[in-house]
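**Student:** sequence first, then the predicted structure:
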Amino acid sequence: MLAEIITIGDEILIGQIVDTNSAWMAKQLNAIGVSVKQITSVSDNEDHIIQSLADAEKRADIIFITGGLGPTKDDITKKTLAKYFNMGFRRDEGALEMVRQIFEKYKRPLIDINMQQADVPDGCEVIVNKNGTAPCMWFEQNGKIFVSMPGVPYEMMYLMDDEILPRIKAKFKLPSIIHKTILTANIGESFLAKEIEEIEDGLPRHIKLAYLPKLGQVRLRLSATGENEALLKNEVDNAAKLIIEKIKKFVVVDDDIPLEKAVLNLMKEKGLTLSTAESCTGGYIAHLITQHPGCSSVYWGGAVAYAYELKESILGVKISTLNTFGAVSEETVLEMAEGAILHFKTDYAIAVSGIAGPDGGTGDKPVGTVWIAIASKNKSLAKVFNFSNKRIQNIERSAVSALVMLLNLLKEDQHKE
């Protein structure tokens with residue numbers, strides 16, 4: 001069963017918003033055995049939309065469309081679908097009642113333009129949107145299914161979870177798709193491929209291995225498709241075990257979770273606490289950590305200390321250290337980490353100080369120079385990194401490098417127990 005996703009809206013193509021809908025939908029579809037063949041973003045242009053629909057109909061069994069269903073003139077998806085399927089319009093009473101309820105709930109007047117949200121192509125099946133005024137529309141033509149949904153993420157997600165996915169599962173006999181992800185660090189993609197080449201070459205044809213590199217990390221994803229879910233899972237698990245055994249010193253976790261979540265899980269399991277002392281990363285490490293529910297059992301907090309005065313007053317860095325070695329130095333970053341341990345009373349601490357750029361560099365400390373320190377109550381270590389002149393990339397690389405350093409120290413301490 002093949003699917004295609006079409007997202008409609010100029011705002012996506014000019015970079016005003018990021019298309020998160022497609023990634024979420026693809027993940028949900030894959031989980032029920034529907035493979036997404038292509039994802040396409042098109043402008044609010046009738047000809048472009050019609051061409052995309054025609055192309056998708058040739059390639060896929062189910063076509064999912066999001067966006068362009070609002071009440072304003074730039075929202076043309078509904079009219080374009082009617083033209084594509086050669087349909088007229090009708091006013092759907094169920095959709096109209098939902099529009100009325102929403103406007104009554106918020107005590108707003110219901111004007112004609114809002115009532116027109118209930119006008120739909122007369123050959124579609126309406127799936128009522130309980131979270132918004134734009135209805136979901138289900139079309140069937142030439143053995144193909146087209147599902148048009150609002151582009152508002154929470155409206156689309158509700159419709160997919162509660163209405164569309166159950167319909168698809170009931171309508172079709174779907175294969176099983178099994179994925180297994182292994183997160184690695186401290187090894188490059190090409191070196192990793194060389195290490196596991198023999199295992200990869202020995203995989204059966206229905207199991208594929210993908211390499212997903214990202215700033216100091218590489219995810220390995222094993223994917224298998226077939227009818228027998230239990231057999232597939234066993235095959236994938238066995239392949240994963242062979243890979244993990246071969247590269248175990250580089251394995252962070254055999255789960256599809258981000259690096260910071262893997263660190264949090266390990267620390268939570270051991271009852272350990274963490275604080276951060278950030279300069280050039282500006283709280284980005286804290287952001288990565290605190291986006292995960294339950295992080296408070298591990299992460300106690302931290303400081304963003306740019307100025308010398310704050311490094312001294314909050315973290316206890318000696319002014320003599322700052323004056324002699326500068327903020328971007330091994331000596332300063334070690335005192336930042338040790339100060340976080342002392343003042344925030346945690347088991348471990350991360351400290352980062354560097355020159356993120358694009359300016360501010362010197363001859364001996366060019367843009368991209370970043371010192372990172374990790375401290376525990378028993379040990380402190382620091383390392384210098386030389387990144388690029390791209391500010392955002394330097395911040396992200398610094399965060400990943402800091403988390404990898406922390407993970408290595410945690411593993412080292414774990415082996416001593």
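**Tutor:** Cool, the structure landed. Predicted, not measured: the structure shown is a model, and the values here were computed from it.
**Student:** pLDDT weak spots in the stretch 301-417 of the chain?
**Tutor:** 417 (pLDDT under 70).
**Student:** what's the local residue count around Thr77?
**Tutor:** 25 (other Cβ atoms under 10 Å). For the C-beta atoms, the positions are set from N, CA and C on the backbone; glycine is no exception.
**Student:** now swap in Ile392 and tell me
**Tutor:** 10.
**Student:** what's the helix or strand for it?
**Tutor:** helix 391-416 (DSSP states H and E).
**Student:** need the contact list for the residue nearest to Gly9 when sequence neighbours are not counted.
**Tutor:** Excluding the flanking residues, the one nearest Gly9 by Cβ to Cβ, 6 or more residues apart in numbering is Gly67, at 4.4 Å. Going by Cβ atoms under 8 Å, 6 or more residues apart in numbering, Gly67 touches Thr7, Ile8, Gly9, Ile12, Asn21, Thr77, Pro150, Gly151.
**Student:** give me the subset of these lying in strands.
**Tutor:** Among the contacts of Gly67, the members found in strands (DSSP state E) are Thr7, Ile8.
**Student:** let me know the secondary structure of His292.
**Tutor:** coil (DSSP: H, G, I helix; E, B strand; the rest coil).
**Student:** repeat that for Lys169.
**Tutor:** Classification of Lys169 using three-state DSSP returns helix.
**Student:** other residues contacting the helix or strand of the chain with the lowest mean pLDDT?
**Tutor:** None of the helices or strands of the chain scores lower by mean pLDDT, DSSP states H and E than helix 112-115, at a mean of 85. Contact with helix 112-115 is made by Pro71, Thr72, Arg91, Leu96, Val99, Phe103, Thr133, as judged by Cβ under 8 Å, 6+ apart.
**Student:** drop anything exposed from those.
**Tutor:** Buried members of these, scored by 16 or more other Cβ atoms under 10 Å, are Leu96, Val99, Phe103, Thr133.
**Student:** report the two of those residues separated the most.
**Tutor:** Leu96 and Phe103 (10.9 Å; Cβ to Cβ).
**Student:** so where do the strands sit in the stretch 1-150 of the chain?
**Tutor:** Counting by DSSP state E, counting those that start in this stretch, the segments of the stretch 1-150 of the chain that form strands are 2-8, 35-42, 62-66, 89-91, 119-121, 125-127, 136-141, 144-149.
**Student:** deepest in the core, which of the ones you listed is it.
**Tutor:** strand 62-66 (a mean of 26; mean count of other Cβ atoms under 10 Å).
**Student:** follow-up on the earlier one: out of the contacts of Gly67, the closest to Ser380 would be?
**Tutor:** Asn21 (45.1 Å).
**Student:** please report the distance of the closest one from Leu259.
**Tutor:** Distance, Asn21 to Leu259, using Cβ to Cβ, to the nearest Å: 25 Å.
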